[in-house]
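Student: got a predicted structure plus its sequence, pasted below:
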Number of protein chains: 2
Amino acid sequence: MTAIKESSTRNENKEIAINACPVSYVMNKIGGHWKPIILYQLMSGPKRYNELNKAIPNITEKMLIQHLKQLQEDDLVIRKSEPVVPPHVTYKLSKTGESLTPVMEAIATWGFKFIDKN
Amino acid sequence: MTAIKESSTRNENKEIAINACPVSYVMNKIGGHWKPIILYQLMSGPKRYNELNKAIPNITEKMLIQHLKQLQEDDLVIRKSEPVVPPHVTYKLSKTGESLTPVMEAIATWGFKFIDKN
DNA sequence: ACAAGTACTTACCCTAAAGTATGTATCTAT
DNA sequence: ATAGATACATACTTTAGGGTAAGTACTTGT
């Protein structure tokens, strides 16, 4: 699962950055390549693992579970597993995750305006 | 200036991601380590290069100019240089950059709430 | 017996982004 | 003459994140 090295200049700088800028803190949570896309998908309702995999073009399974795990650790996403075979696992937004919706929408709105400008 | 390789799987995936999620598009513009922090600093008014350097803890000069350049290319920041010695250069938000303020504030607000939860 | 379906896991590799360190130009003041 | 101030530039190294490919577990249907 690609362990994260805690004691590097890079991560120390991140810590400091959080103090300097709350926006940076959020970016570290929902920023990056895939997380916003996953959250975006889950905003339209709970989805199974496979559904997410199909809905998000070109994401690898490794990236998908890796980020789903991180999102769970950050209490943004809830995993629900039915003890059946074949497995049936659904992911959905937590309350906190849902509280992100207006933020995501604000960003998306701005994004659309900006895309038009080019 | 670390040229960007256009034709890689990674960047192709990014392109696709943009179509799948407008939020992702914005993240590619203002996401990352330092850009939100730089923008945050400039929201309180224009600043000189040196001021930014001092205001942002632990940023390297390389990162600072690199991102300032990218922000200029994305028309988020305007550079103004007075032809004097020693140089006097100020950076400020463009109209588009200023239009980000509510978005940044929404993110920041959410961030503060979320920090309290831990 | 084995293929299929679902949700992962794991090992290895590659690259873009970030860090480190040093150098440059130009004029002013001492 | 040389040090100081300001705003960069550039070469080299490191690392975190992402990509590729293959394997695992467990049961049902044929």
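Tutor: Cool, the structure landed.

Student: what packs against the top helix by length along chain A?
Tutor: As assigned by DSSP state H, the longest helix anywhere in chain A is helix A:101-117. If contacts are counted by 3 or more CB pairs under 8 Å, 6 or more residues apart in numbering or on different chains; DSSP states H and E, helix A:101-117 sits against helix A:35-42, helix B:22-30, helix B:101-117. For the C-beta atoms, the positions are set from N, CA and C on the backbone; glycine is no exception.

Student: can I get the ones you listed in JSON lines with distance to DNA strand D?
Tutor: Output for the helices and strands packed on helix A:101-117, formatted as JSON lines (distance: least, CB to the nearest atom of the strand, whole Å):
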{"stretch": "helix A:35-42", "distance to DNA strand D": "8"}
{"stretch": "helix B:22-30", "distance to DNA strand D": "10"}
{"stretch": "helix B:101-117", "distance to DNA strand D": "18"}
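
Student: mean neighbour count and distance to residue A:102 added to those helices, as TSV?
Tutor: Putting the helices and strands packed on helix A:101-117 into TSV (neighbours: other CB atoms under 10 Å in any protein chain shown; distance: least, CB to CB, whole Å) gives the following:
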stretch	mean neighbour count	distance to residue A:102
helix A:35-42	23	13
helix B:22-30	23	12
helix B:101-117	16	7
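
Student: mind putting the ones you listed in JSON lines, distance to residue B:55 and mean pLDDT included?
Tutor: Below are the helices and strands packed on helix A:101-117 laid out as JSON lines (distance: least, CB to CB, whole Å; pLDDT from 0 to 100):
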{"stretch": "helix A:35-42", "distance to residue B:55": "28", "mean pLDDT": "93"}
{"stretch": "helix B:22-30", "distance to residue B:55": "18", "mean pLDDT": "85"}
{"stretch": "helix B:101-117", "distance to residue B:55": "16", "mean pLDDT": "86"}
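
Student: nearest to residue B:70, of those helices?
Tutor: Comparing those against residue B:70 with CB to CB, the closest turns out to be helix B:22-30 (8.6 Å).

Student: ok, residues contacting that closest one?
Tutor: Applying CB atoms under 8 Å, 6 or more residues apart in numbering or on different chains, the external contacts of helix B:22-30 come out as A:27, A:31-33, A:36-37, A:39-40, A:104, A:107-108, A:110-112, A:114-115, B:14, B:17-18, B:35-36, B:39, B:74, B:76, B:100, B:103.
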